[in-house]
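A.B. asks: Curious how this folds, go ahead:
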Amino acid sequence: MTPLAFLLMTAIVVHLAGRTLKPSWRPRKIAVRAGVALMFIVTGSSHFIGMRAELISMVPPALPAPELLVTITGVLELAGALGLLWAPTRAWAAAGLSLMLIAMFPANIYKALSGSGATGTDLAWDDTLLPRTVLQLVFLASTSALLLWDLRARRRARPSNTKSQLYKTIGPE
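C.D. replies: Numbering: from 1, shown residues only. Got it, this is the predicted structure:
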């Protein structure tokens, strides 16, 4: 639930700051990008500090080298978060984070169904399957929206190859 709080609170603060500083500005995309980036900085950092043992225990037993997988996904989350903040890599970062969320979903299912966790206690309500699935869908929707917004902006920025453009280039037939 903490990653969702970081995503939402950052997006709200950035959005309100943008609207306050320049009322005509529509900072929705920037706010979501900032929220997703901070969320992945926090979750990526947790692969190394604080929750490492719990994240290792979430890796399904069928997968090899759980420690290495947690390290790799932590590095990818941090790199993806930084990639969202640099215009030339935004689309790649959003696509990579989206794919990573899909690839890591089996670990969430495993945790919810097996009750795995470093603490050995019963699962909290937000560690059960339905809330974990909903959270993953919210995160995936956020990264997918960032990807689509960036792809649309790139398409609009590219000159179209219409007949009038062609006419200007080669002259009349």
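
A.B. asks: quick one, helices of this structure?
C.D. replies: 2-21, 28-46, 52-58, 66-84, 90-114, 129-157, 163-170 (DSSP state H).

A.B. asks: how about those in JSON lines, adding mean neighbour count and mean pLDDT?
C.D. replies: (Each C-beta comes from the backbone N, C-alpha and C, glycine too.) Compiled in JSON lines, those are given as follows (neighbours: other CB atoms under 10 Å; pLDDT from 0 to 100):
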{"stretch": "helix 2-21", "mean neighbour count": "15", "mean pLDDT": "90"}
{"stretch": "helix 28-46", "mean neighbour count": "20", "mean pLDDT": "95"}
{"stretch": "helix 52-58", "mean neighbour count": "18", "mean pLDDT": "91"}
{"stretch": "helix 66-84", "mean neighbour count": "19", "mean pLDDT": "96"}
{"stretch": "helix 90-114", "mean neighbour count": "18", "mean pLDDT": "91"}
{"stretch": "helix 129-157", "mean neighbour count": "15", "mean pLDDT": "91"}
{"stretch": "helix 163-170", "mean neighbour count": "9", "mean pLDDT": "51"}
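
A.B. asks: got a list of what the residue nearest to the spatial centre of the chain touches?
C.D. replies: Among the residues of the chain, T143 comes closest to the average C-alpha position under CA atoms, centre = their mean, at 4.4 Å. By CB atoms under 8 Å, 6 or more residues apart in numbering, the contact set of T143 is 36, 94, 97-98, 101.

A.B. asks: Closest one of the residues you listed to I56?
C.D. replies: Compare each of these with I56 using CB to CB and the shortest gap goes to L101, at 18.8 Å.

A.B. asks: ok, the closest one to F48 distance?
C.D. replies: As for L101, its distance to F48 is 19 Å (criterion: CB to CB, to the nearest Å).

A.B. asks: Tell me which residues touch T128, please.
C.D. replies: Shown here is T128, whose contacts under the criterion CB under 8 Å, 6+ apart are A112.

A.B. asks: Okay, it and I56: tell me how far apart.
C.D. replies: If you go by CB to CB, the gap between T128 and I56 works out to 20 Å.

A.B. asks: Same check on V134?
C.D. replies: V134 sits 24 Å away from I56, taking CB to CB as the criterion.

A.B. asks: and what of L151?
C.D. replies: Counting by CB to CB - L151 and I56 are separated by 35 Å.
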